[in-house]
Structure formats: structure tokens, C-alpha cells
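# I'll drop the sequence and a predicted model, then ask my questions.
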Amino acid sequence: MSRPRPSLGRWRLPVGAVIALVVAFLIILFGTLIGPEGTIQMTLGRGVQLAETQYINALTVGALYALVALGYTMVYGIIELINFAHGDVWMVGSFASWWVITSLGVSGPITDPVWLVIVLILAFSISMVATGVLGVIIERFAYRPLRNAPRLAPLITAIGVSYILENLIENLISDSIVTIPRPIPNTELNLGLFSIGSVNLFVIIMAVALMAALHLFINRTRLGRAMRSTAADRDAAQLMGVNINQTIAVTFFIGSALAGAAGVVQGLYLGYSQFQIGFYGGLRAFTAAVLGGIGNTTGAAIGGFVIGFLEVTCNVFGYGKWSEAFVFATLVLVLVFRPTGILGQQQGDRA
């Protein structure tokens with residue numbers, strides 16, 4: 001009797017991701033070598049060097065969008081609400097990190113590793129807790145009273161909360177761009193096949209670590225199981241003893257805390273913030289969540305990286321002004337031919 005072959009299903013996603021990353025690099029390399037006029041504009045060696053830089057930028061931007069997209073998809077998975085205020089929670093997180101870093105007297109790169117670690121821990125901790133509490137407050141006073149109302153009511157409320165947060169930051173803190181000191185020295189690190197800036201490496205590692213922690217939390221903890229059961233069937237979960245209000249509040253706290261972490265990451269990478277940045281960036285992150293499969297945390301993360309690569313690829317080919325059109329055109333095409341997104345919406349175990 002022949003032994004059954006091991007299933008290759010679990011390897012399909014990692015192998016597909018590796019292939020997609022390789023193809024993305026080749027596309028960026030082609031765009032670097034071939035100018036908008038269709039002529040070769042540099043040597044292969046120089047093109048590979050520039051392509052590496054753009055490739056790392058795409059990964060960094062994609063990691064930022066993925067962190068914010070996770071909050072969108074978690075909230076939708078639990079209560080089927082598009083929380084349009086989530087992008088502005090991200091914006092509040094960036095201002096919180098700006099306040100923490102400047103209050104500590106940081107004005108530039110920190111050379112003392114111990115002090116650098118302390119500053120980063122305080123920036124992430126305070127920003128994530130502040131935005132997490134903000135998310136719980138928004139859920140408690142803006143969304144919970146409308147939980148059984150027609151879907152249009154909480155949707156309009158979410159837009160209203162978004163404008164409230166923007167106006168609060170605009171009038172109470174700043175109506176223009178604020179500069180966020182970047183404490184991490186941006187040195188080039190040689191990793192063998194390619195070089196990467198220390199800031200980019202930190203941002204990517206931090207984002208991937210937070211995504212992995214979220215995945216383990218959802219699948220290995222009691223609260224995570226409560227979130228998945230609530231997403232699958234809220235009434236049945238309540239009958240089985242799940243505290244629905246607590247579970248939804250925890251979901252908002254975690255999603256908003258991830259947005260706060262994205263706010264810190266944005267400051268470390270871009271070095272600035274502005275009260276409207278949550279609207280434009282949040283719209284891209286929402287697009288990433290829909291592109292990957294709204295309600296699917298893995299799909300949201302993948303969608304964030306896809307959006308990051310689309311934006312950078314448009315810039316490489318000389319069509320940076322058209323990047324938003326390409327991003328949303330890609331979204332439309334995906335939704336036309338695969339309405340549930342790249343990975344599809346999870347039904348039984350989404351969060």
C-alpha cells in the first residue's frame with residue numbers, strides 16, 4: 001500500500017509570496033533600467049543598486065500600510081463595520097510618538113544604544129496604549145449605541161469621528177506639517193546580497209513581528225478564540241458564554257494599538273506628520289484590506305505590501321502622479337474578477 005503524499009497546501013502561500021517578491025524585484029529592476037522613453041538609461045550594475053533601494057522602500061511602505069490595514073480588517077471581521085476613523089487613529093499615533101520623542105529631548109539620531117532602546121520602547125508603548133484607549137472610547141460611545149441600527153448610521157458616524165479627530169489635532173496641536181525627530185541612525189547595513197538602511201530594516205522587522213504576534217494571539221489565546229467565534233456567529237458565541245462587548249472592545253484596542261505602532265513607524269521612516277495624513281494614508285490602507293480580502297488578517301497584510309509595491313513601481317517607471325489611479329484600478333480589477341479579494345474573506349476563523 002502506497003503512503004499518502006503530504007499535503008502541499010500549507011506551502012502554497014509562502015512559495016507564492018517568494019515568487020511574487022522575486023517578480024516584483026525584476027519589475028522594479030526593469031523600470032530602473034528602462035526610462036519612460038523606452039531606452040536603456042544606465043548599466044546593469046547601477047540599475048541593480050538603484051532597484052535594491054526602491055525595493056527596500058516598497059517593503060517599508062508596504063509594512064506601514066499592512067499595520068494599518070490589519071485594524072480595518074479586524075473591526076470588519078467582528079462587527080462588519082468599515083471604520084473610516086481608523087486612518088485618523090493612525091495619525092493620532094504619529095502625533096503621540098512626536099510628543100514622546102520631543103518630550104524626551106531627542107532632536108536627532110541617538111548614538112547611545114541603551115538610550116535609543118529606552119526612547120523606542122517609550123514611543124511605541126505610549127503611542128500604542130494611547131491609540132488603543134482611543135479606539136475603545138470610539139467604539140464605546142460612537143459605535144456601540146448604533147450596533148443594531150441600519151448599516152448606514154455607523155458608517156456616517158465613522159466618517160464624523162474621522163473629521164472630529166482631524167479637527168482636534170488641527171486646532172489643538174498644529175495645522176501644518178510637524179517634524180518628528182528620527183532617533184535611529186540611518187546607517188547602511190550590508191546583508192550579503194543587498195544593503196539596507198538601519199531604519200528600513202527596523203521598520204520591516206517591527207511590522208512583521210507585530211503581525212506575527214497578532215496571528216499568534218488570534219489563534220493561540222482564549223481572547224483570540226473569542227474573537228474568531230464572534231466573527232463567525234455573534235449570537236452563537238454569546239450563547240456559549242463569550243462576552244461580546246468585551247471581545248469587540250479588545251478588537252478595537254488591538255487594531256487601534258497597531259495603528260499607533262504604524263504612527264511611530266511613520267515618524268521613524270518619514271520624519272514628519274500632518275493632521276490630514278490619516279485620511280490619505282488610511283484610504284490606501286483600507287484599499288489594502290479590501291484588496292487582500294476584507295476580514296482576513298493575512299490578506300490585509302499581503303494587500304499592504306501589494307499597495308506599497310504598486311506605488312513604488314509607478315514612481316520607478318516615471319508615473320508617480322498616476323500612482324493612485326493605478327492602485328485603485330488594480331483594486332477594481334481584483335474586485336471584478338475576485339470579489340472576495342486576493343485570499344478571500346475568511347468565514348469561520350477570521351478576526
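Done, it's in.

# tally up the residues packed near residue 55, please.
24 (other C-beta atoms under 10 Å). From N, CA and C alone the C-beta is placed, and that goes for glycine too.

# go on, residue 191?
8.

# can you show me the helices along the stretch 51-200 of the chain?
86-103, 113-138, 152-172, 198-220 (DSSP state H, counting those that start in this stretch).

# counting by contacts, list what the third one packs against.
It stands for helix 152-172. Helices and strands touching helix 152-172, by 3 or more C-beta pairs under 8 Å, 6 or more residues apart in numbering; DSSP states H and E, are helix 86-103, helix 277-292.

# quick one on the thing from earlier: so which of the helices of the stretch 51-200 of the chain is the most surrounded?
Ranked by average neighbour count under the criterion mean count of other C-beta atoms under 10 Å, these are headed by helix 86-103 at a mean of 25.

# what pLDDT, on average, does that helix get?
Across helix 86-103, pLDDT averages out at 95.

# which elements pack onto it?
helix 44-79, helix 113-138, helix 152-172, helix 244-270, strand 272-273, helix 277-292.

# what comes up buried for the first one?
By neighbour count with 16 or more other C-beta atoms under 10 Å, helix 44-79 contains the buried residues 47-48, 50-79.

# same check, this time on stretch 242-262
242, 244, 247-262.

# just the CA trace of it, in CSV.
Written as CSV, here are the backbone C-alpha positions of stretch 242-262 (Å, rounded to 0.1, in the frame of the first residue of the first chain):
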residue,chain,number,x,y,z
VAL,A,242,-18.5,34.8,25.1
ASN,A,243,-18.7,38.4,26.4
ILE,A,244,-19.5,40.2,23.1
ASN,A,245,-18.9,43.7,24.4
GLN,A,246,-15.5,42.8,25.9
THR,A,247,-14.5,41.0,22.8
ILE,A,248,-15.3,43.9,20.5
ALA,A,249,-13.6,46.3,22.8
VAL,A,250,-10.5,44.2,22.8
THR,A,251,-10.6,44.1,19.0
PHE,A,252,-10.8,47.8,18.8
PHE,A,253,-8.0,48.2,21.3
ILE,A,254,-5.6,45.8,19.4
GLY,A,255,-6.5,47.3,16.0
SER,A,256,-6.0,50.8,17.2
ALA,A,257,-2.8,49.9,19.0
LEU,A,258,-1.4,48.6,15.7
ALA,A,259,-2.4,51.9,14.1
GLY,A,260,-0.4,53.6,16.9
ALA,A,261,2.6,51.4,16.2
ALA,A,262,2.2,52.4,12.5
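
# could you double-check that residue 83 sits in contact with residue 71?
Yes - applying C-beta atoms under 8 Å as the test, residue 83 and residue 71 come out as touching, 7.3 Å apart.

# okay, and for this structure, where does confidence drop off?
Scanning the chain for pLDDT under 70 picks out 1-11, 13, 35-39, 344-351.

# picking that back up, okay if I get the helices and strands packed on helix 86-103 as TSV plus distance to residue 15?
Converted to TSV, the helices and strands packed on helix 86-103 look like this (distance: least, C-beta to C-beta, whole Å):
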stretch	distance to residue 15
helix 44-79	19
helix 113-138	33
helix 152-172	38
helix 244-270	27
strand 272-273	38
helix 277-292	18
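
# ok so, going back, out of the helices and strands packed on helix 152-172, nearest to residue 33?
helix 277-292 (27.4 Å; C-beta to C-beta).

# contacting residues around residue 253?
Contacts for residue 253 (C-beta atoms under 8 Å, 6 or more residues apart in numbering) come out as 132, 133, 135, 136.

# between those, which sits nearest residue 189?
residue 132 (31.8 Å).

# I'd assumed residue 263 was in contact with the closest one.
No - Residue 132 is beyond contact range of residue 263, at 11.9 Å (criterion: C-beta under 8 Å).

# look up how far residue 187 lies from residue 319.
In this view, residue 319 and residue 187 are 32 Å apart by C-beta to C-beta, to the nearest Å.

# residue 199 too?
9 Å.

# can you check residue 80 too?
Residue 80 sits at a distance of 46 Å from residue 187 (criterion: C-beta to C-beta).

# now residue 321
Note on residue 321: its distance to residue 187, by C-beta to C-beta, is 32 Å.

# cool, and residue 207?
Distance, residue 207 to residue 187, using C-beta to C-beta: 20 Å.

# repeat for residue 78
Residue 78 is 42 Å from residue 187, by C-beta to C-beta.

# next: residue 216.
The value you get for residue 216 to residue 187, if C-beta to C-beta is used, is 31 Å.

# and if you look at residue 94?
Distance from residue 94 to residue 187, by C-beta to C-beta: 24 Å.

# out of the helices of the stretch 51-200 of the chain, flag the one nearest residue 12.
helix 198-220 (17.0 Å).

# quick one: distance of that closest one to the chain centre.
11 Å (C-alpha atoms, centre = their mean, to the nearest Å).

# understood, closing this out.
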